[in-house]
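[1] What follows is a predicted protein model with its sequence.
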Amino acid sequence: MKIIPIFLPYAGCKRKCVFCDQIKATGQKKVPSFSDIAQTIAEYSKTSQEYEIGFYGGTFTGLSEEMMEKYLRFVRKFPVVKSIRVSTRPDEVNEQKLMILKRYGVETIEIGVQSFVDEILDASKRGYTAKEAEKTCKLIKKYGFTLSVHLMVGLPRSKKEHEILSALRTVECGADLVRIHPTLVFEGTELHEMMDRGEYSPLDLREAVDVCSDLVSILEGWGIKVIRVGYYVPVELRKHVIGGPFDPSLGDKVRKAVITKIVERMKPRRIVAPKRYFSWFDKEIARTRIETGETIYFDDLSYTDALFHIGKEVVEKCLNN
């Protein structure tokens, strides 16, 4: 089901993390009015009659319970709205708020964990611990919501083994979906100042593709769907990105890297894949060894099974270092 995104910049946020500038990232300077939301839904309704509303930006459950209910009650009035998802952070979730979300038919909660490593959370000024994040994720699952975890790679003090640990914790928490965001440095943020002082170095594109492809292997190998890799930044706002591995085609590059790692490690004699995925394969492989099929196979091994083997090796290598 397609999503109607409703951005609520900084709404419900009680602190500002070192990397955050929601205005420069989205171009939206103010929280939309109910009239604005109605107009947005009306525009989308011209092309389909079934949508999911996504409340993004800010911290939805950081709003007052009264305000949460106003938003939820309002969008529920539109017949095209079949489900709702909200984004929030670990320290703004409790049972009372989850009961409100459940009452209004929210199905998915996107939780900005970013990392399950305390040192990184500290350096990023997130304001909660890894244990608190794990507890929140499990509480969300207990209440029957679809859990979407956001992970950031390349945050201050992070190392590759930290990113792998966060992926494992995400699996253990029972996540259904994951978004992976390599850290970008937006102009004017505290992270920008840290970079200027030499206290922070962002990942380059090669490093980001490498670590994100390892995380995809771990997460999807354990059955968790990675629904996005990388931030979407509108063309007119890209001038504000002054550091980090920004690339509009990052997700595609990561998928290609995943396939390359599988092929290099497993050396399959026969590869089968749907034509829509041919761009993920190296040109030489695609020309000489790939066949068209309904799903991806490497010899007799499915794509998910191949990912599991590659992800398992990544984890073992990390634990043995």
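    Received it, and whenever you're ready, just let me know what you need. Residues are numbered from 1 along each chain as shown.
[2] CA only for contacts and neighbour counts going forward, please
    Noted.
[3] any idea how far K30 is from Y231?
    20 Å (Cα to Cα, to the nearest Å).
[4] now A175
    20 Å.
[5] So if I had to pick from K30 and Y231, which one is more boxed in?
    Y231 (18 against 12; other Cα atoms under 10 Å).
[6] what's around the residue nearest to L151 when sequence neighbours are not counted, how many residues?
    In space, and not counting its chain neighbours, L151 is closest to Q114: 4.0 Å by Cα to Cα, 6 or more residues apart in numbering. Residues lying near Q114 (other Cα under 10 Å) number 25.
[7] Does Q114 touch P156 like I think?
    No - Q114 is beyond contact range of P156, at 11.6 Å (criterion: Cα atoms under 8 Å).
[8] Tell me the confidence at the residue nearest to V211 when sequence neighbours are not counted?
    The shortest distance from V211 to any non-neighbouring residue, by Cα to Cα, 6+ apart, is to K160 (6.7 Å). In the predicted model, K160 carries a pLDDT score of 94.
[9] who touches L72 in this structure?
    Y104 (Cα atoms under 8 Å, 6 or more residues apart in numbering).
[10] nope, T304 is what I meant
    Here T304 is in contact with 220-223 (Cα under 8 Å, 6+ apart).
[11] Those residues in strands, which ones?
    Among the contacts of T304, none falls in strands (DSSP state E).
[12] Let me know the closest of those to D305.
    G221 (6.4 Å; Cα to Cα).
[13] The closest one contacts E313, correct?
    No - using Cα under 8 Å, G221 is not in contact with E313; the gap is 11.3 Å.
[14] what about those two, which has more around it?
    G221 (20 against 15).
[15] what's the pLDDT at that one?
    For G221, the model assigns a pLDDT of 97.
[16] and the closest residue in space to K275 that isn't next to it in sequence, how far is that from D300?
    Closest residue to K275 apart from its sequence neighbours, by Cα to Cα, 6+ apart: T292 at 6.2 Å. T292 is 14 Å from D300, where distance means Cα to Cα.
[17] pull the helix or strand with minimum mean pLDDT from this structure.
    In the chain, no helix or strand scores lower on mean pLDDT, DSSP states H and E than helix 283-288, which sits at a mean of 64.
[18] Can you name the next helix or strand after that one?
    strand 290-292 (DSSP states H and E).
[19] R126 against C20, yeah?
    No - the criterion here is Cα under 8 Å, and R126 misses it with C20 at 10.6 Å.
[20] does E110 count as helix, strand or coil?
    strand (DSSP: H, G, I helix; E, B strand; the rest coil).
[21] That one and D214, how far apart?
    E110 is 22 Å from D214, by Cα to Cα.
[22] ditto for M68
    Taking Cα to Cα, one finds M68 at 37 Å from D214.
[23] Which one's more surrounded, the two?
    Shown here are M68 and D214; by other Cα under 10 Å, D214 has more neighbours (26 against 17).
[24] Then that one would be within a helix, right?
    Yes - judged by three-state DSSP, D214 forms part of a helix.
[25] can I assume it is in contact with V314?
    Yes - here D214 reaches V314: they are 6.8 Å apart, a contact under Cα under 8 Å.
[26] Assign a three-state SS to the residue most central in space within the chain, would you?
    Against the mean C-alpha coordinate of the chain, by Cα atoms, centre = their mean, the closest residue is R179 at 1.5 Å. Three-state assignment for R179 (three-state DSSP): strand.
[27] List the contacts of it.
    By Cα under 8 Å, 6+ apart, the neighbours of R179 are 148-151, 226-230.
[28] who's it bridged to?
    Counting by DSSP bridges, R179 is bridged to H150, R228.
[29] Can you give me the pLDDT of it?
    98.
[30] could you pull out the helices for the stretch 101-250 of the chain?
    With DSSP state H, counting those that start in this stretch as the criterion, the stretch 101-250 of the chain has helices at 118-123, 130-142, 160-172, 190-196, 205-221, 250-266.
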